[in-house]
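Asker: Kindly generate the corresponding structure for this input.
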Amino acid sequence: MIRALLIGVSDYSAIGATGLPFCQNDILAVKKALITGLNATAENILICGKSGIVLQEELWGAIDRLARLSEGEDVVFFYFSGHGAFNRSEHFLVMSDGPVPTQTVIEKVDAINAKSKIMVLDTCMAGSFKLDMENDKLFDRTIKSSASKGLAILASCSCEQLSRFSLERPISLFTEFFCSAVENNTLTRRGRKTWHDIQQLTSLYLHNWSSRHTSIEQ
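Answerer: Numbers count the residues shown, from 1 in each chain. From the prediction side, this is the model:
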């Protein structure tokens with residue numbers, strides 16, 4: 001069973017940061033993709049950010065609720081769309097009332113009792129987190145995975161890049177590609193889709209887009 005938590009932060013007026021109105025559309029697009037592409041059920045998808053505001057306390061409470069609901073054979077899916085920040089050697093996910101350490105979020109999701117955990121981060125400078133908690137080396141690639149830990153992370157960009165929004169739709173660019181990959185029926189084999197195939201197709205969509213927009217790095 002897929003149990004998901006989708007976070008979309010659009011309103012940053014409380015901290016004086018630029019608003020990201022398309023993040024509200026992102027969480028709805030991901031919800032639709034999970035339901036139509038992976039047969040997830042709406043009642044197993046928790047959403048924070050329909051109003052545009054997500055506070056730090058709400059984030060931690062939602063992760064705790066996801067942990068309470070999840071069982072050993074479940075697949076846990078965590079998605080974030082919003083501002084990201086990088087300070088020296090640490091990355092942060094920015095809520096409406098301030099930043100939270102990305103590494104702490106990863107550790108909390110990774111600690112959930114579930115067969116596997118998937119995290120998708122659509123935020124600037126996202127590729128600057130550690131996956132192996134005992135390894136001080138910072139990974140700097142778009143896709144992170146660790147089969148031995150049952151955790152996979154797909155980030156929208158490297159630690160030196162900005163995450164863009166779509167030029168054609170009111171949605172984040174990376175989220176558009178991810179949702180298209182999840183909903184692509186050609187990936188279905190024996191009634192199932194693999195995370196590897198979804199990663200690869202998302203990357204292919206991104207590569208093709210980048211080759212047509214050489215002046216914009218994503």
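
Asker: The helix or strand hosting H196 packs against which elements?
Answerer: Per DSSP states H and E, H196 falls inside helix 195-212. In terms of contacts (3 or more CB pairs under 8 Å, 6 or more residues apart in numbering; DSSP states H and E), helix 195-212 is packed against strand 143-146, strand 151-155, helix 173-183. In this view, the C-beta of every residue, glycine as well, is placed from N, C-alpha and C.

Asker: what about it, distance to the chain center?
Answerer: Centroid displacement of helix 195-212 relative to its chain, using CA atoms, centre = their mean, to the nearest Å, is 15 Å.

Asker: Mind listing what's buried along that helix?
Answerer: Buried residues in helix 195-212, counting neighbours by 16 or more other CB atoms under 10 Å, are found at D197, I198, Q199, L201, T202, Y205, L206, W209.

Asker: residue ranges for the strands of the protein, please.
Answerer: 2-8, 45-48, 75-81, 84-87, 90-95, 98-101, 116-122, 143-146, 151-155 (DSSP state E).

Asker: so can I have JSON lines of those showing mean pLDDT?
Answerer: Output for the strands of the chain, formatted as JSON lines (pLDDT from 0 to 100):
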{"stretch": "strand 2-8", "mean pLDDT": "97"}
{"stretch": "strand 45-48", "mean pLDDT": "98"}
{"stretch": "strand 75-81", "mean pLDDT": "96"}
{"stretch": "strand 84-87", "mean pLDDT": "82"}
{"stretch": "strand 90-95", "mean pLDDT": "91"}
{"stretch": "strand 98-101", "mean pLDDT": "94"}
{"stretch": "strand 116-122", "mean pLDDT": "92"}
{"stretch": "strand 143-146", "mean pLDDT": "38"}
{"stretch": "strand 151-155", "mean pLDDT": "85"}
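
Asker: Would you mind finding the most buried of these?
Answerer: The highest mean neighbour count among the strands of the chain, using mean count of other CB atoms under 10 Å, belongs to strand 75-81: a mean of 25.

Asker: for stretch 179-188, what is the average pLDDT?
Answerer: For stretch 179-188, mean pLDDT rounds to 91.

Asker: The residue of the chain positioned farthest from its centre: what's it in contact with?
Answerer: Distance from the C-alpha centroid of the chain peaks at R190, with 26.5 Å (CA atoms, centre = their mean). By CB atoms under 8 Å, 6 or more residues apart in numbering, R190 lies in contact with nothing.

Asker: Roughly how far does it sit from D26?
Answerer: Counting by CB to CB, to the nearest Å, the gap from R190 to D26 is 30 Å.

Asker: Could you pull up phi and psi at the residue farthest from the centre of the chain?
Answerer: R190 adopts backbone torsions of phi 50, psi 40, taken as degrees, to the nearest 10.
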